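Visitor: Generate coordinates for the sequence data below:
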Amino acid sequence: MCRNLHKTLVVLLAFLVFSAVGVAQDMMYQEAPMLAEQVAAGELSPVEDRLPPNPLVVEPLNEIGTYGGTLRRGTAALITYMTYNMTYEPLVRWNTPVSGEGPIQPNLAESWSSNDDQTVWTVNLRQGVKWSDGEDFSAEDVLFLWYDNSLNESVTGFGIGVTYQNGEPPALEALDDHTLVFTYQDPYPLFAETQASLRNIALPKHYLSTFHPDYNEEATYEDYQAQTLLENGRGRHTLQAWMYEDFVVGEFYNQVRNPYYWKVDPEGNQLPYFDRVTIELVEDRQGVALGNVTGQFDFDTTWVGVQHIQLFSEAIQEGRDISLTFADFDGVAFHFNLDHPDPVIKSAFRDVNFRRAVSIGINRQEIGDLFYAGLFNPNGSSLSPESGYYTADDGGLWAQYDPDGARAMLEEAGYVDADGDGFREAPGGESLQLVIEVGIHDLYTPIVELVTEYFADIGLNAIMDANDQSLVRERFTAGDFMIHTWDRDGASYPFGAEMHGLAPTGPNTPFYHRNWEEDPVDDDFVRNVELMRAALTASDEERNELMFEVSNLHADNVWYISTGFWQRPFIKNRRLGNMADRISRNSQLQDASAYQMETAYAKYEPGEGGS
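Guide: Numbering: from 1, shown residues only. Sure, this is the predicted structure:
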């Protein structure tokens, strides 16, 4: 329901939350002992001077925490994602720990409102917020990200595509240091929802502009791109709870508390509670799982999953100091390249009966039984039940296992085994070998191995091509693939950062149909694009009607094959306080930020155990 709030309700809630946290102005503030020592030594200004006049008050999940300690994470790759998503700081943010169970919350923005037709949105920034180096945050930092980075074709890594309307970004201007105005061509009632789905909304202009070619004539974009990496210095200029401390390639990434973090708990304690975060590289996912089981690490919401459920269950039975968290998750999907350069392959993938036959040739229930430990719900390519736009009828379209029906459909479409080798040829007699690409993964790789057997059972010659996940994703986004294996995109929340999985949000998207505008796969896909774009400007009632049709179109046309949805298990150490047992883990709230990590704290030191 909260995903479809009327504009007036969104704005009213924004002001209600704002008024509720306004009492922060009358608080007495406390700080971590490590910062109090720096204040006493004259190395840091008092906490009252570091906080804004109206800091954001964050209600912990269970109780007020205590200061100190190091939060320990393991990772199978030292990627930037692991660090900047410990907390995420957009203008407004989704409710945590479950996004659908509360309204959009103020964050860097104290309030937001629109004109009557919702084409112009005015945002009032929280005054007095500072970057972690003590410099003032202002509207200029948002403009710098928007125009000098996100909309600069020479810079990558700061996408704002989720905010686009009809393939174009809104115009953005600053009325003053603390007032932003976003202007859209058409009504845009989903402004708060799309803003909440952004990972970045500002960059430290005072720091990065010194390396930017538009501000420094001696600078180059190659050097500037390197300077945008957290480990090359930008990480010391952040709005997040922890900032860069040190980094060793192939070993670890360490963070330390941001002394200017602009959030407090209800008792006036400046957040975060933990002094430090350390992220240590291990060999693989199994290493992350084992590290959490043995107490080496404190939690994981990135690398572990159902493939580790037996390990976790046995560890809990043995008395290990861990517990599980579950999140609704989109299952594995297989994306046909609808623009494949080989005309034979392209013709097959653009034949709706071919795609439907392949879909009913996959035994989703068996996949769930073998790989998902009873946590899997088989489904077709409709939107997720979590989306609010789901019907059971759409969920079952072309999802029931029927290999005999699949064979019959392929025969009728002209795919027959003409040479008697056990595999079907294309209608023109050409050989048809399908390549299913997958990143090397301890869950998806064995699933793809099984899926190639399903293909063979209905007479299709398919082989698995397993490579490094980064390479597989690069090829997917470049359109250089045949069938791509990855998580389903956009099913749980269609208007978030993964909207490109359903319809284009910018050039060359969706990645499985980059050429949809010049050469659409069918009229239904064009209709899907029109519906999605109309939904961005529609009233709640109109949007519901449009999105139910979108869900039906995706389910019936099977432009990609979705296998279902599941409850993904994550792990946490019981020494951590304020850690939820259920979180959102989708394009709204990703990774650690769903936990509201600034309020996590150590109830006791590692290895001490608890009652």
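Visitor: where do the strands sit along the stretch 101-250 of the chain?
Guide: Using DSSP state E, counting those that start in this stretch, the strands of the stretch 101-250 of the chain run over 105-106, 109-114, 120-125, 171-176, 179-183, 242-248.
Visitor: Also the stretch 401-550 of the chain?
Guide: 433-439, 461-467, 483-487.
Visitor: The strands of the stretch 101-250 of the chain: which one's closest to E542?
Guide: Nearest to E542, of all the strands of the stretch 101-250 of the chain, is strand 109-114, at 17.2 Å by C-beta to C-beta. For every residue, glycine as well, the C-beta is placed using N, CA and C.
Visitor: buried ones in the closest one?
Guide: By 16 or more other C-beta atoms under 10 Å, the buried positions in strand 109-114 come out as 109-114.
Visitor: Hey, what's the angle from it to strand 179-183? Just curious.
Guide: Angle between the axes of strand 109-114 and strand 179-183 is 40 degrees (criterion: axes from the mean of the first three to the mean of the last three C-alpha atoms, to 10 degrees).
Visitor: Give me the sheet partners of strand 109-114 and which way each runs.
Guide: Within its sheet, and counting by DSSP bridges, strand 109-114 is paired with strand 120-125 (antiparallel).
Visitor: what angle separates the partner strand from strand 171-176?
Guide: Going by the same axes, to 10 degrees, strand 120-125 makes 40 degrees with strand 171-176.
Visitor: just how off-centre is strand 120-125 within its chain?
Guide: Relative to its chain's centre, strand 120-125 lies at 25 Å (C-alpha atoms, centre = their mean, to the nearest Å).
Visitor: Tell me how many other residues crowd L203.
Guide: 26 (other C-beta atoms under 10 Å).
Visitor: I'd assumed F158 was in contact with it.
Guide: Yes: using C-beta atoms under 8 Å, L203 is in contact with F158, at 7.2 Å.
Visitor: Find the residues that touch each one of those two.
Guide: Taking C-beta atoms under 8 Å, 6 or more residues apart in numbering as the contact rule, L203 and F158 both touch 145, 149, 228.
Visitor: for stretch 55-73, how far is the first residue from the last?
Guide: 28 Å (C-alpha to C-alpha, to the nearest Å).
Visitor: low-scoring stretches of the stretch 351-500 of the chain, by residue?
Guide: For the stretch 351-500 of the chain, no stretch has pLDDT under 70.
Visitor: Break down it into its helices, ranges please.
Guide: 352-360, 364-371, 392-396, 403-412, 444-457, 469-477 (DSSP state H, counting those that start in this stretch).
Visitor: Return the most buried member of those helices.
Guide: helix 352-360 (a mean of 22; mean count of other C-beta atoms under 10 Å).
Visitor: which residues are contacting that one?
Guide: 336, 348-349, 380-381, 398-403, 405-407, 409-410, 412-413, 415, 455, 458, 460, 522, 557-559, 561.
Visitor: go on, stretch 523-538?
Guide: 165-166, 186-190, 494-495, 499, 502-504, 513, 516, 520, 542-543, 546-547, 549-550, 553-554, 556-557, 559.
Visitor: Of the residues you listed, just the buried ones, ChimeraX syntax please.
Guide: Filtering the contacts of stretch 523-538 down to the buried ones (16+ other C-beta under 10 Å) takes a single ChimeraX command:
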select :165,187,188,189,190,494,495,499,502,503,504,513,516,520,543,546,547,549,550,553,554,556,557,559
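Visitor: Show me what counts as buried in stretch 587-607.
Guide: 587-603, 606.
Visitor: Next, count neighbours for D522.
Guide: Quick note: D522 (other C-beta under 10 Å) scores 15 neighbours.
Visitor: Phi, psi for it please.
Guide: With angles defined as degrees, to the nearest 10, D522 sits at phi -170, psi 170.
Visitor: just checking, it touches L338?
Guide: No: judged on C-beta under 8 Å, D522 makes no contact with L338 at a distance of 9.4 Å.
Visitor: Need the residues touching each of the two.
Guide: Listed contacts common to D522 and L338 are R350; contacts here mean C-beta under 8 Å, 6+ apart.
Visitor: and the strands of the stretch 401-550 of the chain, which is most packed in?
Guide: strand 483-487 (a mean of 23).
Visitor: chain center to that one, what's the gap?
Guide: 16 Å.
Visitor: In its sheet, which strands sit next to it, and in what direction?
Guide: Sheet pairing of strand 483-487 (DSSP bridges) gives strand 332-336 (antiparallel), strand 433-439 (parallel).
Visitor: What angle do strand 461-467 and the last one make with each other?
Guide: Direction vectors for strand 433-439 and strand 461-467, defined by the same axes, to 10 degrees, enclose an angle of 30 degrees.
Visitor: can you check the shortest one too?
Guide: Angular relation of strand 332-336 and strand 461-467 on a 0 to 180 degree scale: 110 degrees, by the same axes, to 10 degrees.
Visitor: okay, the angle between strand 332-336 and helix 444-457?
Guide: 60 degrees.
Visitor: Max pairwise distance over the buried residues of strand 109-114: which two?
Guide: Maximum distance among the buried residues of strand 109-114 (C-beta to C-beta): 15.7 Å, for E110 and S114.
Visitor: hang on, the earlier thing: so which of the buried residues of stretch 587-607 belong to strands?
Guide: Among the buried residues of stretch 587-607, the members falling in strands (DSSP state E) are 601-602.
Visitor: hang on, S99 packs against Q588?
Guide: Yes: the pair S99 / Q588 is scored as a contact, 4.5 Å apart, by C-beta under 8 Å.
Visitor: Give me the common contacts of those two.
Guide: Y493.
Visitor: C-terminal to the longest helix seen in the chain, which secondary structure element comes first?
Guide: The single longest helix within the chain, with elements called by DSSP state H, is helix 540-557. The first helix or strand that comes after helix 540-557 along the chain, using DSSP states H and E, is strand 560-562.
Visitor: So what are the sheet partners of that following strand and their directions?
Guide: strand 332-336 (antiparallel).
Visitor: Give me the contacts around the strand it pairs with.
Guide: For strand 332-336, using C-beta under 8 Å, 6+ apart, the contacting residues are 349, 355, 367, 381, 436, 443-444, 447, 451, 476, 481, 483-489, 511-512, 559-563.
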